[in-house]
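Student: need a 3D model of the following:
(4 chains)
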Protein chains: 2
Amino acid sequence: MAEATIRDVARRAEVSVASVSRALNGLDNVRAETREKVIKAANELGYVPHAGARSLSLARAHAIGVVLPDLHGEFFSECVRGMDKEASRRGYLLLLSNMHDDSDQAAVALRAMRGRVDGLLVMAPHIAPETLEHAIPPALPSVMLNSHADLPGRPALRFDNRAGAEAMVDHLVANGYRHIVHIAGPEGNLDAAQRADGYLAACARHALPARILPGDFNEEAGEAAAREILASSTPTDAVFAANDMMAIGCLHALRSAGTQVPEQIAVAGFDDVPLARYLSLSTIRVNIAEMGARAVARLIDLLEGKDLTRASETLPPELVTRATTAPRTAHPNGAAHA
Amino acid sequence: MAEATIRDVARRAEVSVASVSRALNGLDNVRAETREKVIKAANELGYVPHAGARSLSLARAHAIGVVLPDLHGEFFSECVRGMDKEASRRGYLLLLSNMHDDSDQAAVALRAMRGRVDGLLVMAPHIAPETLEHAIPPALPSVMLNSHADLPGRPALRFDNRAGAEAMVDHLVANGYRHIVHIAGPEGNLDAAQRADGYLAACARHALPARILPGDFNEEAGEAAAREILASSTPTDAVFAANDMMAIGCLHALRSAGTQVPEQIAVAGFDDVPLARYLSLSTIRVNIAEMGARAVARLIDLLEGKDLTRASETLPPELVTRATTAPRTAHPNGAAHA
DNA sequence: CAACCGTCCGTAACCGGTTACATAACTCGC
DNA sequence: GCGAGTTATGTAACCGGTTACGGACGGTTG
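Tutor: Numbering: from 1, shown residues only, chains lettered A, B, ... in the order given. Predicted structure coming up:
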């Protein structure tokens, strides 16, 4: 019942464990005949090496740990998909762990990785850098994603949220919108804060009034914001939500209330989730899959000694203009499909 | 630089490694004073146990391996999310590995799990059962998801694709549609085959003509099918795609061509991806997250000796009716938003 | 005081691999 | 026929934990 070990193979092939190891790992100091005996025995026993034992003696697990917060829908899958693609291309496995919003739990998740992975990918926009630094086993190489500040020795990859938000405001202004409301993301979330900053900066630059409504990255927050906007007396001709899900909630709520989008109020989001395309929602593309893949690539380079810079990277944002922010002056009636 | 080991802690606390192990694992045969010394030393050194070594001597990794095929978008994230939720609740980590369509690669992925995980979750609707059985390390408990046939000793969880497809056809018929075309999934895919079966069975039951167009689960296939339908002289009043993405592709292509949905042609899908709700697409809900969570629960029960039945489960499908299959007779013009 | 018991702790074996080092066997040159 | 050099192989230590086993110690009992 129990799986065969290297010693079982050695016994059956009538050689030593060292020879089995050498033969199966393709070292060249093994007689061809011996190698064949070993391979035959291994096949007969259905021997599969015990990766745990292997990584213990090699001090190499060929796995990388991924610690992510609770991500909204597609974001999560895209991120993991990008990571997995690069990881499997380079022969690594991904060990996944969700850290929920609590920082103690995060510490537990991070510690659980010790001794099973060669390095860590950590996305924790909601955890203070000192807390994080303390929670990550110090000798584990790691790459941070969307983290607050740089941790010493740990490269970070992040999106230029601020530039993205500014680009969107610029776009809205260029298309004739002047009263732009921002629906913010959750308090304490770095992405959310940077997007709000970019919005404020751009408004200031254009000498436009700024108005921020609270939100939490969920669709319902977008709906609530729409109600608020419709009920309020402040004039509003565009809504820029800190993420697509809120923009979508807002879009639906506005349309359900009979408001024409974009004729009366334009709507824009951030992230470019697949849904956005179907709803013709203008947004800022955040290629999270690529970020994941790059993070893995950086980490593996680091592990294999190929990355000596340890520099952080900022990925440029990309403005995606669709029908929900069509130019204010010209608005053909039914140009709403992808 | 290197991480502290249990021996470092023992040295600093001036006790033996055995005491350190006992103290840190909460065994009761340790004097309170000793335990404190150990904890103090461990904290000072920032000691984190090496999970790999631990699992080697305990023969328990507290991790479960997940081997999935290339899943389309949200399906993947939902599945992993459900698994992760249950796994982290019960103190297990998830080791992820994509197996692409190739069965050799699948074997590699499965073997790489040996010695790292206590059990396996395998979704492989495209791999022959014998091949699979041969590829899974025999002593690894595992739960199959959507697999072809039952493997001995390995419980399987699957959706009742056939019943779901029948339910959708029944619904279309009840709503007055008579010329229903099915867009099939990829050749050799079990889900696809069962859905097609259900479609054929229901058509036969209603004495309706059946017509199947080829597809591959991607949006483009849905678009191609739409063109085919529009170009063909065969009358068609409803399209039932084997998954939502194809239905969505078809829906867009039909609308772009000026066809009214559902007035001229109804469209239905399968899966109920989040997008479906926004597009008011009728579909069969496949609660993949719950399936993932259940699979994890079953596997852990198996690992901990709580599940003795090893029985397979079939999860019932759920029909979700929305605007794209509204009754044929009454079709209010603009009832298309969620 | 000896016998006995319980508690706490340390030594060393073990999990399943890899590999440094020692050794054996074999070739080659002289 | 012998030493040097090369190559294939085996022995045992090691990776970092856990734990069976036994010893030391102190307290109780007869």
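Student: burial count for the residue in the stretch 151-300 of chain A that DNA strand C sits nearest to?
Tutor: Per CB to the nearest atom of the strand, the residue of the stretch 151-300 of chain A with the smallest distance to DNA strand C is A:Ile300, at 19.0 Å. Every C-beta, even on glycine, is put in place using the N, C-alpha and C of the backbone. Other residues lying near A:Ile300 total 23 when counted by other CB atoms under 10 Å in any protein chain shown.
Student: following the helix or strand hosting it, which helix or strand shows up next?
Tutor: Using DSSP states H and E, A:Ile300 falls within helix A:288-303. Remark: after helix A:288-303, the chain's next helix or strand is strand A:313-315, criterion DSSP H and E.
Student: A:Met245 reaches A:Gly215, doesn't it?
Tutor: No. Counting by CB atoms under 8 Å, A:Met245 does not reach A:Gly215; the two are 9.5 Å apart.
Student: list residues touching both of those two?
Tutor: Shared contacts of A:Met245 and A:Gly215, defined by CB atoms under 8 Å, 6 or more residues apart in numbering or on different chains, comprise A:Gly222.
Student: and the helices in the stretch 201-338 of chain A?
Tutor: Assigned by DSSP state H, counting those that start in this stretch, the helices in the stretch 201-338 of chain A fall at A:219-231, A:244-256, A:274-278, A:288-303.
Student: most packed of these?
Tutor: Among those, the stretch with the highest mean neighbour count (mean count of other CB atoms under 10 Å in any protein chain shown) is helix A:244-256, at a mean of 25.
Student: point out where the stretch 51-200 of chain A drops to low pLDDT.
Tutor: Along the stretch 51-200 of chain A, segments meeting pLDDT under 70 span A:72-73.
Student: what kind of secondary structure is the closest residue to A:Pro137 other than its chain neighbours in?
Tutor: If the residues on either side of it in the chain are set aside, A:Pro137 comes closest to A:Arg114, at 4.8 Å by CB to CB, 6 or more residues apart in numbering or on different chains. Classification of A:Arg114 using DSSP: H, G, I helix; E, B strand; the rest coil returns coil.
Student: is there a neighbour count for A:Arg114? I'd like the number.
Tutor: When neighbours are counted by other CB under 10 Å, A:Arg114 comes out with 21.
Student: next: the one 10 residues further on.
Tutor: Other residues lying near A:Ala124 total 25 when counted by other CB under 10 Å.
Student: also the one 4 residues further on?
Tutor: The number of residues packed around A:Ala128, counting by other CB under 10 Å, is 13.
Student: and the contacts of stretch A:270-281?
Tutor: By CB under 8 Å, 6+ apart, stretch A:270-281 touches A:73-75, A:161, A:164-165, A:168, A:195, A:240-245, A:247-248, A:251, A:267-269, A:283-286, A:288, A:320, A:322-324, A:336-338, B:73-74, B:248, B:252, B:274-275, B:278-279.
Student: for stretch A:45-57, same thing?
Tutor: Residues contacting stretch A:45-57 (CB under 8 Å, 6+ apart): A:3-6, A:8-9, A:12, A:24, A:41, A:61-63, A:116, B:50, B:52-53, B:55-56, B:61, B:111-116, B:137-138.
Student: which ones among these lie within strands?
Tutor: A:Ala63 (DSSP state E).
Student: narrow the contacts of stretch A:45-57 to just the buried residues.
Tutor: A:3-6, A:8-9, A:12, A:24, A:41, A:61-63, A:116, B:50, B:52-53, B:55-56, B:61, B:112-116, B:137 (16 or more other CB atoms under 10 Å in any protein chain shown).
Student: from DNA strand D, how far off is A:Arg54?
Tutor: 9 Å (CB to the nearest atom of the strand, to the nearest Å).
Student: what of A:Gly91?
Tutor: For A:Gly91, the distance to DNA strand D - CB to the nearest atom of the strand - is 21 Å.
Student: a helix runs through that residue, doesn't it?
Tutor: No. According to three-state DSSP, A:Gly91 belongs to no helix; its state is coil.
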